[in-house]
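J.: Sequence plus predicted model, see below.
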Amino acid sequence: MFEIENLQVSYGQSQVIHGLNFTANKNETLAIMGRNGMGKTTLFKSLMGILPSKTTKAVVDGVSLEGNDSYQRVAKGLAYVPQGRMIFPNMTVQENIETGLEKSKTREIPEDIYALFPVLYDMRKRKGGNLSGGQQQQLAIARALVTNPKVLLLDEPTEGIQPSIIKDIAKVLNEIRKMREITIIVSEQVLSFTMEIADRIIVIDKGKFIHEDTRDNVDAAKIKGYLSV
Ligand SMILES: Nc1ncnc2c1ncn2[C@@H]1O[C@H](COP(=O)(O)OP(=O)(O)OP(=O)(O)O)[C@@H](O)[C@H]1O
């Protein structure tokens with residue numbers, strides 16, 4: 001469904017992503033776990049076409065992404081929730097969600113968005129900057145979902161969020177997968193969170209994948225070892 005072969009990314013002369021390969025299926029959640037600076041954000045930005053990259057294959061649902069800019073990748077089914085959420089603090093919740101609709105045919109926010117995030121409906125007239133961290137994360141996910149993606153990429157969605165709210169984010173991601181049957185790829189450092197949502201966990205270290213487990217067969221001690229400094 002989403003297939004990447006031999007992905008390479010460099011900043012100038014310095015190569016940061018070294019030939020990554022993965023396939024993620026429809027209705028699958030894949031977690032990419034690694035410590036700070038291991039290349040998670042670089043990986044996601046390159047998949048979205050925000051950073052230039054080289055691949056021998058980059059395909060969504062049978063359609064090639066090679067050479068495509070971000071807007072073309074979005075049109076072909078990729079959506080992105082960046083690290084730090086990057087919502088517009090001075091726009092209302094509703095306006096923030098509508099920015100995700102800019103390239104789509106409709107200006108209407110699909111009904112299932114507010115069904116997934118009732119708190120955003122209640123707060124639709126408030127400024128994005130007045131929401132809590134967890135609510136802003138929900139807003140960033142809602143904004144990404146209005147494009148009706150086939151693949152949703154989330155970069156460290158639990159960063160800076162209270163443990164009690166992290167559980168809500170896990171619940172929402174599981175609901176999204178059930179409702180939309182999409183592929184979800186999430187980068188993370190929190191194993192308890194990925195254990196609630198991911199079917200598969202891959203560990204990234206210095207731009208290479210060094211370990212992979214299915215959730216049912218996870219070697220938690222080993223993964224924690226890779227995540228600790
Ligand atoms: N703009 C840049 N120019 C040069 N090197 C960069 C740039 N951005 C990131 N790097 C380097 O690329 C490597 C991977 O960084 P990246 O931000 O992708 O890691 P990460 O796993 O997402 O970490 P974090 O969780 O801290 O965001 C690091 O060594 C980092 O120093």
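T.: Perfect, I can see it now.
J.: what about Asp8, which SS state?
T.: Heads up, residue 8 is Gln, not Asp. Of the three states, Gln8 takes strand under DSSP: H, G, I helix; E, B strand; the rest coil.
J.: how about it, what does it touch?
T.: Gln15, Ile17, His18, Gly19, Ser53, Lys54, Thr55 (Cβ atoms under 8 Å, 6 or more residues apart in numbering). (C-beta placed from N, C-alpha, C; glycine too.)
J.: Against the ligand, how distant is it?
T.: 13 Å (Cβ to the nearest ligand atom, to the nearest Å).
J.: Show me the beta-bridge partners of that residue.
T.: His18, Lys54 (DSSP bridges).
J.: Filter the contacts of Gln8 down to the buried ones, ChimeraX style.
T.: A single ChimeraX command selects the buried members of those (16 or more other Cβ atoms under 10 Å):
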select :17,53,55
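J.: I'd like the next helix or strand past the host helix or strand of Gln94.
T.: Secondary structure assignment for Gln94, by DSSP states H and E: helix 93-99. Per DSSP H and E, the first helix or strand lying C-terminal to helix 93-99 is helix 111-116.
J.: Show me what the helix or strand bottoming out on mean pLDDT in the chain packs onto, helices and strands only.
T.: Taking mean pLDDT, DSSP states H and E as the measure, the chain has helix 111-116 as its least confident helix or strand, at a mean of 88. Helices and strands touching helix 111-116, by 3 or more Cβ pairs under 8 Å, 6 or more residues apart in numbering; DSSP states H and E, are helix 118-122, helix 133-145, helix 163-180.
J.: So what touches that helix?
T.: With Cβ under 8 Å, 6+ apart as the criterion, helix 111-116 contacts Ile97, Leu120, Tyr121, Arg124, Ala142, Leu145, Val146, Val172, Glu175, Ile176, Met179.
J.: ok, which residues in the protein are in contact with the ligand?
T.: Residues of the chain that fall close to the ligand, judged by Cβ under 6 Å from any ligand atom: Tyr11, Ser14, Val16, Gly34, Asn36, Gly37, Met38, Gly39, Lys40, Thr41, Thr42, Gln83.
J.: Mind doing that once more with 8 Å?
T.: Within reach of the ligand by Cβ under 8 Å from any ligand atom, the chain has these residues: 11-12, 14, 16, 34-45, 83, 155-156, 159, 187, 189, 204, 206-207.
J.: ChimeraX command to pick out the buried ones of those residues?
T.: The following ChimeraX line selects those of the residues of the chain next to the ligand that are buried, judged by 16+ other Cβ under 10 Å:
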select :16,34,38,39,40,41,42,43,44,45,83,155,156,187,189,204,207
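J.: among the residues of the chain next to the ligand, which are in strands?
T.: The strands, defined by DSSP state E, take in Tyr11, Ser14, Val16, Asp155, Ser187, Ile204 from these.
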